[in-house]
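In: Here is the input, now give the coordinates:
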Amino acid sequence: MELAREAQLRRTTKETEVEVFVNIDGARQIDIVLNVPFFPHLLEALAFHAGWDLVLRAEGDQERVDNHHIVEDVGIVLGEALHQCLADKKGLQRFGSAFVPMDEALGMAVVDLSGRPYLVYDVPSSLGPKVGNFEVILLEEFLRSFTSFARFTLHAKIWWGKNAHHAFEALFKATGRALHEAVQVRGDVLPSTKGIL
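Out: Reported below is the predicted structural model:
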């Protein structure tokens, strides 16, 4: 019987407490408790389109400071959890890509589970600084933490869009779909000519 590709982690600092459970071969059972506007909606979109089960609880100093610490720390914990889920990379598809439209917006994500963390993030400034009360610059911080601790390369791009909500939701859905493709197991060979990832 194959081991479940799942992980449960908790991270506590003086600024935040984040607890996450993720199963990357799940049934899209998602439960997020996070008192930050808009961001949980994007996490749910990512997890759903990745095909994960995700339970996430996070609280922090956002009322006293701002949302930066909690958004970044969610990226750290979720990234480390994904890294643990992918401890055995034999047979992984490794690469994944997706384009996702949402009305007038188009998001793209390309993933390489290379073991080398890298983020290329290309989002038009014309989308503005906020969606509601949420500062969208924090989404780059989240993705940087997420890719760093999960140890993968992500090229994330919003090709166009007028409605920032649509554009970022398309981007996170695309990221989920690209990850879903990349984590599929296609055999038992490590997907690298180096023999290591």
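
In: what's the spacing between the nearest residue to Val36 once chain neighbours are set aside and Trp159?
Out: Excluding its sequence neighbours, the residue lying closest to Val36 (C-beta to C-beta, 6 or more residues apart in numbering) is Asn67, at 5.1 Å. (C-beta placed from N, C-alpha, C; glycine too.) Per C-beta to C-beta, to the nearest Å, Asn67 is found 26 Å from Trp159.

In: List the contacts of the residue nearest to Val36.
Out: Val36, Phe39, Phe134, Glu135, Leu138 (C-beta atoms under 8 Å, 6 or more residues apart in numbering).

In: For the residue nearest to Ala170 when sequence neighbours are not counted, list the residues it contacts.
Out: The spatially closest residue to Ala170, leaving aside those adjacent along the chain, is Gly107, at 3.3 Å (C-beta to C-beta, 6+ apart). Residues in contact with Gly107 (C-beta under 8 Å, 6+ apart) are 99-101, 156-159, 161, 167-175.

In: which secondary structure element contains Arg116?
Out: Following DSSP states H and E, there is no helix or strand that holds Arg116.

In: i'd like the first residue to be 45 from this point on
Out: Got it, first residue is 45 now, which makes that one Arg160.

In: Backbone dihedrals for it, both of them.
Out: phi -110, psi 110 (degrees, to the nearest 10).

In: what's the neighbour count on it?
Out: With neighbours defined by other C-beta atoms under 10 Å, the count for Arg160 comes to 11.

In: and Val144, how many neighbours?
Out: Neighbour number of Val144 under other C-beta under 10 Å is 21.
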